[in-house]
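**Q** Here is my input; please provide its structure:
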Amino acid sequence: MTLLRIALFACLLGAGAVVDGAWLSRLPRWASPDLLLLITVAFGLRRGLAAAALTGAAAGYLRDVTGGSPLGIYALSYLAVGTAAGALAAVVDLGQRYVYAAAAALATVGLSLASGLIVAATGLTLVDWPLLLRETAAVAVLNALFARPVAAIVAWAETVSRRRDPTRIVARRAIR
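**A** Next up, the predicted model:
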């Protein structure tokens, strides 16, 4: 990965965390999409396993730091979801219309179950599983609706990070 691509995706994750913290956190949990998860899934489907795991860990760490939860719960959950999305990259055809929506819905369910299991296993608090599953279903629908626009933004960022300086290309041609 180039330095420009890393900087662009760091900016995307930062913008997702800011929007999530500033505006979406004011909505009820069942009424707000998870932008960090959508960026992780889109990046994972486009770039593969290693990049998706790294993006998932970074997004989860960002969620832990900005969300006020104990450090590590979301980092582990997003890492698992990012790894799963990256593993799907070799199997799915990104040209299909509903790939991002289906992946976002599955990732939402996986994230909620993983974070719920981590919280229950560590004994931080009691998990109200019926409430968690109802909220997860609503957020999964919202994430499926927002998956395609977020994937388009990730694709745009990837295209921008690949652009080369036109003066360099001319200089290379002149040298040859």
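
**Q** Please count neighbours and contacts with C-alpha atoms only from this point.
**A** OK.

**Q** what are the ranges of the helices in this protein?
**A** Chain-ordered helices for the chain, with DSSP state H as the definition, fall at 3-22, 35-47, 49-67, 73-88, 99-122, 129-162, 166-175.

**Q** I'd like to know which of those helices lies nearest to R29.
**A** Minimum separation from R29 across the helices of the chain (C-alpha to C-alpha) falls at helix 129-162, 6.9 Å.

**Q** could you give the angle of the closest one to helix 3-22?
**A** Taking axes from the mean of the first three to the mean of the last three C-alpha atoms, to 10 degrees, one finds helix 129-162 and helix 3-22 inclined to each other by 150 degrees.

**Q** Off-centre distance for helix 129-162?
**A** A distance of 7 Å separates the C-alpha centroid of helix 129-162 from that of its chain, computed with C-alpha atoms, centre = their mean, to the nearest Å.

**Q** swap in stretch 44-55?
**A** What separates the centre of stretch 44-55 from the centre of its chain is 10 Å, taken as C-alpha atoms, centre = their mean.

**Q** Ok, stretch 127-141 next?
**A** On the basis of C-alpha atoms, centre = their mean, stretch 127-141 is displaced by 19 Å from the centre of the chain it belongs to.

**Q** Need the contact partners of it.
**A** Around stretch 127-141, the neighbours that count as contacts under C-alpha atoms under 8 Å, 6 or more residues apart in numbering are 29-34, 104-106, 108-109, 112, 116, 119-120.

**Q** got any ranges where this structure has weak pLDDT?
**A** Residues of the chain meeting the criterion pLDDT under 70: 1, 163-176.
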